[in-house]
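In: Mind looking at a prediction? Sequence and model below.
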Amino acid sequence: MSASNLSASAESFYVPATLPLRWSSQPGQSALEATRYLQVLMLLEHPEDDEPDPLQRRLDLQLLWLGRLLTPHTPAPADVQFGLDDLLWTSTQPLLAGQQGWLDVSLSHEFAYLISLPLEIIAAEPQGDTWQIRARYLWPQQSLREAFERVLFSRHRVHIRTLRGASLDS
């Protein structure tokens, strides 16, 4: 497999990040739980009102604490590029094309929780001591796919704003 097969596709957009992640043979939660987490993450990161009521603030704080209890230790951060149909990441463990499993990833530093994304490895190529992995999503439910795509589009908008700000500063 050539390195060009592992680069981001020009036909889709990718959101780069460095996040805690690890490969797993079992999901950390059900598809419904993962969907609900993504929905709540969007509400926490993009509140509809500028000033949430005091009860909402307390609930948000309790969710943060619960997330810390459920995810006391996160895996080491790794570079990852999320696309609509596939993703690329750097792994310390070799994986094989055709292998299926879950990528446990914490999508938020503030609201830490390892969400399990179901994947099939498309390609894996050694790069020194690490592996460059490309995988496609295996969505068990449309609702999970839609919730993930909303988070991805939101992150993409933030990424574009960051790039525009950096280019204006130059």
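Out: Received it, and whenever you're ready, just let me know what you need.

In: In this structure, which residue is most central in space?
Out: L107 (4.6 Å; C-alpha atoms, centre = their mean).

In: which strand is the longest one in this protein?
Out: strand 114-127 (DSSP state E).

In: Just give the strands next to the helix or strand following it in its sheet, each with its orientation.
Out: Next along the chain after strand 114-127, taking DSSP states H and E as the criterion, comes strand 130-137. Here strand 130-137 is paired, per DSSP bridges, with strand 86-91 (antiparallel), strand 114-127 (antiparallel).

In: what does strand 130-137 rub up against?
Out: Among residues not part of strand 130-137, those counted as contacts by C-beta atoms under 8 Å, 6 or more residues apart in numbering are 3, 5-6, 85-95, 103, 117-126, 145, 148. (Each C-beta comes from the backbone N, C-alpha and C, glycine too.)

In: list the contacts for I122?
Out: By C-beta under 8 Å, 6+ apart, I122 lies in contact with 86, 97, 134-136.

In: Got a PyMOL select line for the buried ones in those?
Out: Listed next is the PyMOL selection for buried residues among those, using 16 or more other C-beta atoms under 10 Å:
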select buried, resi 86+134+135
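
In: what pLDDT, on average, does the longest strand of the chain get?
Out: Average pLDDT, strand 114-127: 96.

In: which parts of it are buried?
Out: Across strand 114-127, burial judged by 16+ other C-beta under 10 Å covers 114-119, 121-125.

In: now swap in stretch 66-82 and tell me
Out: Within stretch 66-82, the residues scored as buried using 16+ other C-beta under 10 Å are 67, 71, 74-75, 78, 80-82.

In: How far does that stretch stretch from one end to the other?
Out: 26 Å (C-alpha to C-alpha, to the nearest Å).

In: Determine which two of the buried residues of stretch 66-82 are furthest apart.
Out: The span of the buried residues of stretch 66-82, defined through C-beta to C-beta, is set by G67 and Q81 at 24.4 Å.

In: Give the buried residues for whatever helix or strand R155 lives in.
Out: In this assignment (DSSP H and E), R155 forms part of helix 142-169. Neighbour-count burial for helix 142-169, counted by 16+ other C-beta under 10 Å, picks out 143-144, 147-148, 151-152, 155-156.
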